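# Sequence first, predicted model second:
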Amino acid sequence: MKPRIVFSLIVVFLSLMPALAPAAQRSEFRVCWSIYVGWMPWGLGQQRGIVKKWADKYGIEIEVVQINDYIESINQYTAGKYDGCTMTNMDALTIPAAGGVDSTALIVGDFSNGNDAVVLKNQSRLSDIKGQRVNLVELSVSHYLLARALESVSLTERDIKVVNTSDADLVAAYASDTVTAAVTWNPLLAEIAAMPGSHKVFDSADIPGEIIDLMVVNSDVLDANPEFGKALTGAWYEIMALISAGDERGRAARAAMGAASGTDLAGFESQLASTRMFYRAAAALDFVNSARLRQTMKYVADFSFQHGLLGDGAADSRFIGIETPSGVYGDSDNIKLRFNPLFMRMAAEGAL
């Protein structure tokens, strides 16, 4: 599954680059994705020819590339090697947006609704975490989830000790006698939660809609090439209709995505159960248009600033402008992350 790590050194690199020329009209595009329950549909859509079908409709070509390293995929997008990339809302803010790349959340695909959790060993109350060492991938959405969890019981990070632990090592670390608390995501979460004495004391369902999975595209490329946005969006909702179907075709599609992500149909459907997928464009549109999205991005920006993820020039959490349908959070003269509902609205209205 995708390591949800925030990596900000690329900001320094990009700050030294000259300003890029305005995007031109093109006919060939590249997008990348990494393995995670909410992004497996892109691989399926590529394999089944659905992305090609929609690209052909608009007279363009779209190459869909799987990159096994999640952060590397975002770094390559930020460096301009891809026109679009799957990522979380927090990483969209702290990597490309903080690096000066104007980016648009073209498709809001889902949000974590239990796929991420705080787990304690032999203790069942979140408040018991006080004074403990907590193993997690530092500066990731797991770290963000922990901060929100602590806030809910009037604690702060000063009341615990964060222990940075690679996602590759987290399950083994938790199995040791010395680790008593961890924060992670599925499928690692399922392994940890199944260990004797484990208790999930807070999960992403307690902050619904805050850990959001997106297809992010370069805003300048999108503005110059709206056909790119139409094709991607049209393909996505055709894929959604396929994987949400209750017939044999839908089950086969879900089984294929499960196998591609290292599990089976039952395992993949278990992950889907703790993911709020927006199978219909109208549902995604309602979510994006809600005023709550702006509040969520304020939480994310506050956390990111407090942990130094908005760049050295950031004086406060409002340094980067985040545009939502309900208004801008941050500096309206420095908008670098946009939640644009236009293409999802077109899909909802059958106008693609």
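Thanks, I have the structure now.
# Pairing partners for the helix or strand encompassing Ala117, with directions?
Assigned by DSSP states H and E, Ala117 belongs to strand 116-121. Using DSSP bridges, the strands paired with strand 116-121 in its sheet are strand 181-185 (antiparallel), strand 198-203 (antiparallel).
# who does the very next helix or strand once past the longest one touch, helix- and strand-wise?
Okay, so that is strand 198-203. Using DSSP H and E, the helix or strand that follows strand 198-203 in sequence is strand 212-218. Counting contacts by 3 or more Cβ pairs under 8 Å, 6 or more residues apart in numbering; DSSP states H and E, strand 212-218 is packed against strand 84-88, helix 89-92, strand 103-112, helix 226-243. The C-beta positions use only the backbone N, C-alpha and C, and glycine is treated the same way.
# Stretch 210-225: which residues count as buried?
Of all the residues in stretch 210-225, those buried under the rule 16 or more other Cβ atoms under 10 Å are 210-222, 225.
# Not counting stretch 202-211 itself, show me its contacts.
Residues outside stretch 202-211 that contact it (Cβ atoms under 8 Å, 6 or more residues apart in numbering) are 88-90, 111-118, 126, 141, 144-145, 148-149, 152, 274, 276, 287, 292-293, 296, 299-300.
# Check stretch 313-333 too.
Under Cβ under 8 Å, 6+ apart, the answer for stretch 313-333 is 93, 97-98, 288-291, 293-294, 297-298, 301-302, 304-306, 310-311, 334-341.
# for that stretch, the distance to its chain's centre please.
Its chain's average C-alpha position is 19 Å from that of stretch 313-333, according to Cα atoms, centre = their mean, to the nearest Å.
# try stretch 175-186
23 Å.
# same question, stretch 202-210
14 Å.
# can you count the residues close to Gly229?
25 (other Cβ atoms under 10 Å).
# Which residues are in contact with it?
Taking Cβ under 8 Å, 6+ apart as the test, what Gly229 contacts is Leu106, Val217, Leu222, Leu342, Phe343.
# pLDDT and distance to Glu28 added to those residues, as a markdown table?
Putting the contacts of Gly229 into a markdown table (pLDDT from 0 to 100; distance: Cβ to Cβ, whole Å) gives the following:
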| residue | pLDDT | distance to Glu28 |
| --- | --- | --- |
| Leu106 | 98 | 18 |
| Val217 | 98 | 14 |
| Leu222 | 98 | 15 |
| Leu342 | 97 | 23 |
| Phe343 | 98 | 19 |
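# Go through the helices and strands packed on strand 212-218 and name the closest to Thr180.
Nearest of the helices and strands packed on strand 212-218 to Thr180, taken as Cβ to Cβ: strand 103-112 at 23.7 Å.
# Output that closest one in CSV, but only the C-alpha positions, please.
What follows is strand 103-112, C-alpha atoms only, in CSV (Å, rounded to 0.1, in the frame of the first residue of the first chain):
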residue,chain,number,x,y,z
SER,A,103,-1.9,22.1,-8.8
THR,A,104,-5.6,21.2,-9.2
ALA,A,105,-7.5,18.4,-7.4
LEU,A,106,-9.2,17.3,-10.6
ILE,A,107,-10.9,14.2,-9.1
VAL,A,108,-11.7,13.7,-5.4
GLY,A,109,-11.9,9.9,-5.4
ASP,A,110,-12.4,9.0,-1.7
PHE,A,111,-11.5,9.7,1.9
SER,A,112,-10.2,7.3,4.5
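# So which elements touch it?
helix 89-92, strand 212-218, helix 219-224, helix 226-243, strand 275-277, helix 281-289, strand 335-339, helix 342-348.
# Rebuild the ones you listed as TSV, extending it with distance to Val134.
Output for these, formatted as TSV (distance: least, Cβ to Cβ, whole Å):
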stretch	distance to Val134
helix 89-92	18
strand 212-218	23
helix 219-224	37
helix 226-243	35
strand 275-277	24
helix 281-289	30
strand 335-339	29
helix 342-348	37
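# For Asn122, which non-adjacent residue is spatially closest?
Closest residue to Asn122 apart from its sequence neighbours, by Cβ to Cβ, 6 or more residues apart in numbering: Gly197 at 4.4 Å.
# where's that neighbour relative to Asp169, distance?
Using Cβ to Cβ, to the nearest Å, Gly197 is found at 20 Å from Asp169.
# What of Arg318?
Distance from Arg318 to Asp169, by Cβ to Cβ: 36 Å.
# of the two, who's got more company?
More crowded of Arg318 and Asp169, by other Cβ under 10 Å: Arg318, with 19 against 11.
# got the phi/psi numbers for that one?
For Arg318, the backbone dihedrals are phi -90, psi 10 (criterion: degrees, to the nearest 10).
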